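1. give me a 3D structure for the following:
(one chain, ligands or ions: 2)
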Amino acid sequence: MVLGGGTAGELVAAGLAQAGRDVALVENRLVGGEAPYFADLPSKSLLLSARRGETWELATARRDELTAHLDDDNACAALAEEGVTILRGWGKIVRPGAIDVDGTEHTYTDLVLSTGSEPAVPAIDGLAGVPTWTSDEALSVPDLPRRLVILGGGPIGCEMAQVYASFGSQVAIIESAGRLLTAEAPFAGEVLADALRRMGVDLRLGAGLARVERTDLALRLWLTDGGALEADRILIAAGRRPRTEGLGLEELGITVPPGHGVPVDETCQVQVDASMSPPDGEPPAGGIWAAGDVTGVARTAHAARYQARVVVSNVLGKRWEADYRAVPRVVYTTPTVYSVGVSPSQAGELGIDLLTAGYDLAATARAAVEADERGRVELYADRSRGLLIGAAAVGLYAEEWMSEITLAIRAETPLSVLTDVVHAFPTYGESIEPPLRELAERL
Ligand SMILES: Cc1cc2nc3c(=O)[nH]c(=O)nc-3n(C[C@H](O)[C@H](O)[C@H](O)COP(=O)(O)OP(=O)(O)OC[C@H]3O[C@@H](n4cnc5c(N)ncnc54)[C@H](O)[C@@H]3O)c2cc1C
Ligand SMILES: NC(=O)c1ccc[n+]([C@@H]2O[C@H](COP(=O)([O-])OP(=O)(O)OC[C@H]3O[C@@H](n4cnc5c(N)ncnc54)[C@H](O)[C@@H]3O)[C@@H](O)[C@H]2O)c1
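-> Ligands and ions are numbered 1, 2, ... in the order given. Here you go, the predicted model:
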């Protein structure tokens with residue numbers, strides 16, 4: 001029984017059905033989940049249209065074509081072909097081994113939780129009383145607001161700011177931290193802030209939203225730093241939390257602290273709270289597993305896909321331990337922000353003695369060819385282990401040329417090998433050579 005038919009659930013269901021298991025998938029909205037209809041694909045489509053200078057009408061037509069006009073018939077047909085039974089409705093565990101889907105009970109031996117995540121809406125005076133968007137609406141409706149205020153300068157806020165500003169909206173971002181993309185290396189947020197400001201985006205960094213009020217013609221927003229903004233629409237992009245409520249997890253002895261993911265071990269098996277009273281009834285012979293955003297581990301589609309493969313393998317009895325040391329985190333703005341492995345702030349928290357080497361993309365021949373000098377790459381090594389453990393890059397196509405570094409971190413490739421790799425000329429990928437040499441010399 002797979003609860004939630006998004007990126008992770010779809011892959012688990014198909015994988016287990018292909019292996020000959022009897023699989024049912026419970027889905028309350030669209031089979032395929034967030035990524036193909038409301039998140040990854042429509043956002044990347046609009047960003048591409050913005051880069052190409054298309055009109056909003058063309059861009060939304062292209063987006064709606066790509067998202068199949070929110071029709072999941074093809075996704076359902078593909079799963080049915082694999083032999084997966086699709087159960088439409090809200091699934092809720094009623095006791096170990098049994099799940100209720102809109103009034104009908106179904107039994108299972110193995111259960112996979114893949115219910116995804118949902119936007120976190122901050123409690124702000126007046127916010128609940130005014131019409132707001134989350135990324136779901138921002139990526140599916142035809143409206144182009146004249147003035148858009150985005151709450152949150154994380155990956156979603158930055159991508160959406162670039163989309164809407166490109167098509168002519170007057171955009172402001174309110175970010176309570178002092179910079180954009182706070183989870184990443186400071187230079188990443190700074191380069192992106194510069195790019196967004198050049199497009200006319202009004203960045204209110206270090207300020208929170210204190211209060212919202214609807215006036216006759218618009219929305220009026222008061223900020224904690226004393227500033228104010230007018231908007232026609234507010235987009236809430238202030239983080240997402242794993243969707244764990246209303247699933248009946250307590251029936252299985254699973255406790256999830258508010259805002260956290262379902263706790264999983266390295267095989268993606270769910271950790272049951274031993275201090276809770278044992279669930280009533282005979283437990284089923286199989287296990288409880290989880291994959292995707294609901295685990296709170298990495299919150300990207302590629303991480304969901306990875307965890308899905310780990311679950312399939314372990315359910316089928318072939319042990320596979322997930323390794324999250326090199327899961328990329330990408331913001332598909334222009335320029336792209338690509339981070340992987342340990343960030344400088346994480347290294348600080350972990351007490352790692354970090355050695356950093358960086359290089360400006362402007363110094364590459366490719367930057368001259370592209371006439372685009374924006375960006376920088378930084379590589380992070382663990383001084384005590386003599387290994388590359390993290391990297392961040394801001395630059396055109398960084399989502400493509402940084403894969404090599406991702407492999408190097410995951411494979412723990414020695415710096416002596418990395419410095420011996422030849423890169424094609426003229427590419428942005430050459431930019432990693434000088435910092436690699438610097439790290440090799442200093443370690
Ligand atoms: C705007 C935006 C842009 C993004 N861009 C990218 C990107 O470019 N690259 C990237 O890697 N990641 C991106 N992400 C993140 C990515 O979308 C998620 O990590 C991914 O969708 C998670 O997949 P999932 O299977 O865990 O959850 P989901 O795809 O959300 O699937 C969960 C499914 O479970 C269903 N469900 C939940 N509870 C129940 C229930 N009780 N009963 C029945 N059905 C239920 C839901 O309806 C949903 O369909 C983006 C996210 C957002 C919001
Ligand atoms: N390209 C991608 O892979 C991609 C793209 C978009 C989203 N995602 C996933 O979706 C997740 C959620 O993205 P997100 O950008 O919503 O969340 P986030 O948690 O990364 O960023 C939210 C930002 O909002 C700010 N914030 C929170 N409350 C605020 C308030 N009241 N006022 C002002 N600022 C406030 C936070 O300081 C933070 O910087 C990400 O963690 C990411 O994994 C991935």
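2. show me what residue 242 is bridged to.
-> residue 117 (DSSP bridges).
3. find the nearest non-adjacent residue to residue 290, please.
-> When the adjacent residues along the chain are set aside, residue 290 lies closest to residue 113, with 4.2 Å between them (C-beta to C-beta, 6 or more residues apart in numbering). In this view, the C-beta of every residue, glycine as well, is placed from N, C-alpha and C.
4. wait, that neighbour sits on residue 4?
-> Yes - contact criterion C-beta atoms under 8 Å: residue 113 and residue 4 qualify, at 7.0 Å.
5. residues in contact with the residue nearest the centre of the chain?
-> Central residue of the chain (C-alpha atoms, centre = their mean): residue 300, 3.5 Å from the mean position. Going by C-beta atoms under 8 Å, 6 or more residues apart in numbering, residue 300 touches 327-330.
6. which pair in those spans the largest distance?
-> For the contacts of residue 300, the maximum inter-member distance is 10.3 Å, found between 327 and 330 (C-beta to C-beta).
7. more neighbours: these two, which one.
-> More crowded of residue 327 and residue 330, by other C-beta atoms under 10 Å: residue 327, with 20 against 17.
8. so residue 289 touches residue 270, yeah?
-> Yes - the pair residue 289 / residue 270 is scored as a contact, 6.4 Å apart, by C-beta under 8 Å.
9. so those two - more neighbours on which side?
-> residue 289 (27 against 22).
10. if I've got this straight, that one is in a strand?
-> Yes - counting by DSSP: H, G, I helix; E, B strand; the rest coil, residue 289 is found in a strand.
11. list the contacts for the residue in the stretch 151-300 of the chain that ligand 2 sits nearest to?
-> Relative to ligand 2, the nearest point of the stretch 151-300 of the chain is residue 154 (2.1 Å; C-beta to the nearest ligand atom). With contact taken as C-beta under 8 Å, 6+ apart, residue 154 is in contact with 180-183, 237-239.
12. swap in 10 Å and give it another go.
-> 173, 175, 177, 180-184, 189, 237-240, 331 (C-beta atoms under 10 Å, 6 or more residues apart in numbering).
13. does residue 152 touch residue 204 like I think?
-> No - with contact defined as C-beta atoms under 10 Å, residue 152 does not count as touching residue 204 (11.4 Å).
14. which bits of this protein sit near ligand 1?
-> The chain comes close to ligand 1 at residues 3-9, 26-29, 33-35, 39-40, 43-44, 90-91, 114-116, 135, 156, 243, 247, 292-294, 299-302, 304, 332, as judged by C-beta under 6 Å from any ligand atom.
15. give the buried subset of those as a ChimeraX selection command.
-> If you want just the buried ones from the residues of the chain next to ligand 1 in ChimeraX, going by 16 or more other C-beta atoms under 10 Å, the selection is:
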select :3,4,5,6,7,8,9,26,27,29,33,34,35,39,40,43,91,114,115,116,135,156,243,247,292,293,294,299,300,301,304,332
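16. which one of residue 152 and residue 204 is surrounded by more residues?
-> residue 152 (24 against 21).
17. quick one: residues contacting the more buried one.
-> Per C-beta under 10 Å, 6+ apart, neighbours of residue 152: 119-120, 122, 158, 160, 173-177, 180, 209, 235-239.
18. and if we set it to 6 Å?
-> Neighbouring residues of residue 152 by C-beta atoms under 6 Å, 6 or more residues apart in numbering: 237-238.
19. go on, residue 405?
-> residue 391 are the contacts of residue 405 under C-beta under 6 Å, 6+ apart.
20. does it fall in a helix, a strand, or a coil region?
-> Applying three-state DSSP: residue 405 is helix.
21. re the thing from before, hang on, the residue nearest to residue 290 packs against residue 3?
-> Yes - the criterion here is C-beta atoms under 6 Å, and residue 113 meets it with residue 3 at 5.4 Å.
22. run a quick neighbour tally on the residue nearest to residue 290.
-> Count around residue 113 with other C-beta under 10 Å applied: 33.
23. circling back: which of the residues of the chain next to ligand 1 fall within strands?
-> The strands, defined by DSSP state E, take in 3, 26-27, 91 from those.
24. hmm, back to that, secondary structure added to the contacts of residue 300, as CSV?
-> Converted to CSV, these look like this (three-state DSSP):
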residue, secondary structure
327, coil
328, coil
329, strand
330, strand
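25. near ligand 2, from those residues?
-> Counting by C-beta under 6 Å from any ligand atom, the members of the contacts of residue 300 near ligand 2 are residue 330.
26. return the residues of the stretch 151-300 of the chain in contact with ligand 2.
-> 151-157, 159, 174-177, 182, 208-209, 237-240, 299-300.
27. any quick PyMOL command for the buried ones out of the residues you listed?
-> The buried residues among those can be selected in PyMOL (16+ other C-beta under 10 Å) with this line:
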select buried, resi 151+152+153+154+155+156+157+159+174+175+176+177+182+208+209+237+238+239+240+299+300
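28. so which of the residues of the stretch 151-300 of the chain next to ligand 2 are in helices?
-> Taking DSSP state H, the ones among these that sit in helices are 155-157, 159.
29. helices or strands up against the longest strand anywhere in the chain?
-> In the chain, with assignment by DSSP E, the single longest strand is strand 387-395. Counting contacts by 3 or more C-beta pairs under 6 Å, 6 or more residues apart in numbering; DSSP states H and E, strand 387-395 packs against helix 186-198, strand 336-341, strand 376-382, helix 403-411.
30. and those as a markdown table, adding mean pLDDT and distance to residue 128?
-> A markdown table is the format used below for these (pLDDT from 0 to 100; distance: least, C-beta to C-beta, whole Å):
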| stretch | mean pLDDT | distance to residue 128 |
| --- | --- | --- |
| helix 186-198 | 97 | 28 |
| strand 336-341 | 98 | 32 |
| strand 376-382 | 98 | 41 |
| helix 403-411 | 98 | 41 |
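31. perfect, that will be all.
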